[in-house]
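J.: Sequence unavailable; structure follows:
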């Protein structure tokens, strides 16, 4: 079983490899009961949002991490993948701007990522 911090890095790397933009990880451990971390990113269209979500889901399954819930895949505007510890939010850019989770959860500190490039 992956450690939660390792899981966050793997998910971020998977999103990055599928050209997700502005990948941000928020430490939610002392802020929310929903998850330890929120990973937030966006893409420019439905197909790319779905491709990122599928890559994350497949990668978690390859690492024996059960996805407890996945929502929004068919619409492809805002997909949420819940691993129990990490809540991965994959948006279309417009939706991300509208919901602005980074501002909503402004008390959360950002976790540095170890991926190829960060926006």
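T.: Right, received. Where do you want to start? Computed from a predicted model, the values in this text were never measured in an experiment.
J.: which helix is the longest one in the protein?
T.: Of all segments of type helix in the chain, defined using DSSP state H, the longest is helix 46-62.
J.: what packs against that one?
T.: helix 4-17, strand 37-43, strand 78-82, strand 86-92 (3 or more CB pairs under 8 Å, 6 or more residues apart in numbering; DSSP states H and E). The C-beta positions use only the backbone N, C-alpha and C, and glycine is treated the same way.
J.: Next, the contact list for residue 61, please.
T.: Residues near residue 61 by CB atoms under 8 Å, 6 or more residues apart in numbering: residue 67.
J.: Same question for residue 21.
T.: By CB under 8 Å, 6+ apart, the residues touching residue 21 are 41, 42, 43, 44, 93, 119.
J.: Serialize these to JSON lines and add fields for neighbour count.
T.: Compiled in JSON lines, the contacts of residue 21 are given as follows (neighbours: other CB atoms under 10 Å):
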{"residue": "41", "neighbour count": "25"}
{"residue": "42", "neighbour count": "24"}
{"residue": "43", "neighbour count": "24"}
{"residue": "44", "neighbour count": "12"}
{"residue": "93", "neighbour count": "14"}
{"residue": "119", "neighbour count": "10"}
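J.: for the chain, which residue is closest to the average position?
T.: Taking CA atoms, centre = their mean, the centroid of the chain lies closest to residue 88, which sits 2.7 Å from it.
J.: and the gap between residue 25 and residue 5?
T.: Going from residue 25 to residue 5 by CB to CB, to the nearest Å gives 10 Å.
J.: For these two, work out which one has more neighbours and name it.
T.: Comparing residue 25 with residue 5 by other CB atoms under 10 Å, the one with more neighbours is residue 25, at 23 against 15.
J.: Helix or strand: which one has the more buried one?
T.: strand 21-27 (DSSP states H and E).
J.: average pLDDT across that strand?
T.: In this model, strand 21-27 has a mean pLDDT of 97.
J.: ok, residue 92 touching residue 50?
T.: No. With contact defined as CB atoms under 8 Å, residue 92 does not reach residue 50; the gap is 10.4 Å.
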